[in-house]
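S.K.: Below is the sequence, then the predicted model.
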Amino acid sequence: MTNPQKDHKIKYLLLGLLFDAVGMISFVIPWMGEFSDVVWAPLAGWLMTRMYKGKAGQIAGVVTFIEELVPGLDVIPSFTIMWLYTYVFNKSKNKTVGA
């Protein structure tokens, strides 16, 4: 049998890597740069708050929004960092993760 908790962690890691890659598109396709950031920034912030609930998710959503909107900061993998914070570094085991 599979472990639902482990499957959830892997799903969120893969989604986070995908979303971080989408956020870096402006570096790969320079002419799309600022336009893609303006569209992606609010969506990325919203996705972050849906993936990670509670205060941590809200803060991460705002940080992700700003990080995606400010030129040059797209290289920061905010979704992956939040996954690491939630599943690796956060020892309190609080319920900040959405369903």
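M.R.: All right, it came through fine. Numbers count the residues shown, from 1 in each chain.
S.K.: Tell me who's in contact with residue 82.
M.R.: Residue 82 makes contact with 16, 48, 51-52, 56, 60, 64, according to C-beta atoms under 8 Å, 6 or more residues apart in numbering. Placement of C-beta: from N, CA and C, glycine included.
S.K.: check which helix or strand covers it.
M.R.: helix 78-84 (DSSP states H and E).
S.K.: From residue 17, how far out is residue 48?
M.R.: As judged by C-beta to C-beta, to the nearest Å, residue 48 and residue 17 stand 14 Å apart.
S.K.: These two - which one has more neighbours?
M.R.: Just comparing residue 48 and residue 17: by other C-beta atoms under 10 Å the higher neighbour count belongs to residue 48, 25 against 14.
S.K.: May I ask you to confirm that that one is in contact with residue 59?
M.R.: No. Using C-beta atoms under 8 Å as the test, residue 48 is too far from residue 59 to be in contact (9.3 Å).
S.K.: returning to what we had before: now do the buried residues in the helix holding residue 82.
M.R.: Judged by neighbour count (16 or more other C-beta atoms under 10 Å), helix 78-84 contains these buried residues: 78-79, 81-83.
S.K.: Name the nearest residue to residue 85, ignoring sequence neighbours.
M.R.: Leaving out its chain neighbours, the residue that sits closest to residue 85 by C-beta to C-beta, 6 or more residues apart in numbering is residue 56, at 7.4 Å.
S.K.: Tell me how far whatever helix or strand that neighbour lives in lies from the chain's centre.
M.R.: If you go by DSSP H and E, residue 56 is part of helix 54-69. Helix 54-69 sits 8 Å away from the centroid of its parent chain (C-alpha atoms, centre = their mean, to the nearest Å).
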